[in-house]
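K.L.:
here is my input, please return the structure:
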Amino acid sequence: METKELKIQIPDGQEIDWQESAKQEKIVFKKKENTKPRSWKEYCKNNEDKQMWFVREDSTIGQCHLMCRPISEDKNTLPTKELAEAFLAMMQLMSLRQAWIDDWEPDWSKGTYCVIATNSSIFAAAMVNFTHPLSFPTQEMATDFMDTFKDLLEIAKPLI
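P.N.:
A predicted model of the protein is given here:
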């Protein structure tokens, strides 16, 4: 049997209504529903049957089912183990950064030196008018911090 293809341009904000298209033997479009949650309550309702991850009191990562640990009451959950590990590493990095910078306060308008991550690397860069949690008063301090805590930075990369 020979197959034929037909390319259809779906209008922005629309999707194919497969049920109506099958009934009418023609392609019917419908407005695409917004599935993104617009509140925490809506997020909880849409995710109440999912497995989630959290940081335990002993700083280990735990997995839970939200039917046993309701997300609406417990906001200490994350959708993936990788993100839970990243948050734990970021908490450590923030405490370490505070110990390094002491009482220094960044002046975002004049610029600071920040530890930045991309998909492939972590580096220290000068930033002006850009806030960042891993900011330092000097390039040398930012680079030294980055070199010293590369292992934690790699784990926290999704957040930096």
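
K.L.:
every contact and neighbour count from this point should use C-alpha atoms.
P.N.:
Fine.

K.L.:
skip ahead from the helix ranked longest in the chain and say which helix or strand is next.
P.N.:
Secondary structure of the chain per DSSP state H: the longest helix is helix 81-101. Later in the chain than helix 81-101, the nearest helix or strand by DSSP states H and E is strand 112-117.

K.L.:
now what about that following strand, what contacts it?
P.N.:
Residues from elsewhere that reach strand 112-117, judged by Cα atoms under 8 Å, 6 or more residues apart in numbering: 106, 122-128, 132-139, 142-143, 146, 157, 160.

K.L.:
from those, list just the buried residues.
P.N.:
Among the contacts of strand 112-117, the ones that count as buried by 16 or more other Cα atoms under 10 Å are 106, 122, 124-127, 132, 134-139, 142-143, 146, 157, 160.

K.L.:
mark which of those residues are part of helices, please.
P.N.:
139, 142-143, 146.

K.L.:
would you turn the residues you listed into TSV with pLDDT and distance to Gln19?
P.N.:
Below are these laid out as TSV (pLDDT from 0 to 100; distance: Cα to Cα, whole Å):
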residue	pLDDT	distance to Gln19
Gln139	95	60
Ala142	96	57
Thr143	97	58
Met146	97	55
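
K.L.:
in CSV, list the residues you listed along with distance to Met94.
P.N.:
Rendered in CSV, the data for those read as follows (distance: Cα to Cα, whole Å):
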residue, distance to Met94
Gln139, 18
Ala142, 13
Thr143, 16
Met146, 13
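
K.L.:
quick check: domain ranges of the protein?
P.N.:
What automatic domain parsing lists as the domains of the chain is 7-36, 38-79, 81-160.

K.L.:
just the ones you listed: most buried one?
P.N.:
Of all those, domain 81-160 carries the top mean neighbour count, a mean of 16, counting by mean count of other Cα atoms under 10 Å.
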